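> Provided below are the primary sequence and the corresponding predicted coordinates.
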Amino acid sequence: MNEVKTQPVTARHIPDKAEFHTHGEGHIPGSFRVVPDDDNEALFWYCCPCGCKRIAALRVGKNFKPAESPTWKWNGSLEKPTLEPSVHHRGHWHGWLTDGVWKSC
Ligand SMILES: [Zn+2]
């Protein structure tokens, strides 16, 4: 599958599980919710920014990158989240979430 280039997409926090998963017909591109886990780790659920409406979850650490892989370092912000390194969604969207904005690369 070819990678999709998109305009920057704002990451919108949707804390409610049902709302995140069932909003309207599908999901809001770039929306996310965080499910805390042990040891300051969490699952970072997000809807692909490209508009395909698929969702996925990343294992993140709050202000650190967990030792196992693949994992991401999350800045802990729900307002202006940043993830490192870049996010590759199922081989078709590749980009960065920085200060609350998804940007394809
Ligand atoms: Zn997509």
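Okay, I see it.

> Can you pull the phi/psi pair for the residue lying closest to Lys73 once chain neighbours are set aside?
Nearest residue to Lys73 in three dimensions, chain neighbours excluded: Lys65, at 4.1 Å (CB to CB, 6 or more residues apart in numbering). For every residue, glycine as well, the C-beta is placed using N, CA and C. Main-chain dihedrals, Lys65, degrees, to the nearest 10: phi -100, psi 120.

> Tell me who's in contact with Lys65.
Thr71, Trp72, Lys73, Glu84 (CB atoms under 8 Å, 6 or more residues apart in numbering).

> again, only this time at 10 Å
Arg59, Thr71, Trp72, Lys73, Trp74, Leu83, Glu84, Pro85 (CB atoms under 10 Å, 6 or more residues apart in numbering).

> now Ile55: how far from Phe64?
24 Å (CB to CB, to the nearest Å).

> which one of these two has more residues nearby?
More neighbours surround Ile55 than the other of Ile55 and Phe64, with 17 against 14 (other CB atoms under 10 Å).

> what's across from that one in the sheet?
When assigned by DSSP bridges, Ile55 has beta-bridge partners Cys47.

> Ser104 too?
Under the criterion used (DSSP bridges), Ser104 bridges to Gly95.

> Around the closest residue to Pro85 other than its chain neighbours, count how many other residues there are.
Sequence neighbours aside, Trp72 is the residue nearest to Pro85 in space, at 6.9 Å (criterion: CB to CB, 6+ apart). Counted with other CB under 10 Å, residues neighbouring Trp72 total 19.

> need the contact list for Trp72.
So Trp72 contacts 44, 58-61, 65-66, 82-87, 97 (CB under 10 Å, 6+ apart).

> now it: how far from the ion?
18 Å (CB to the ion, to the nearest Å).
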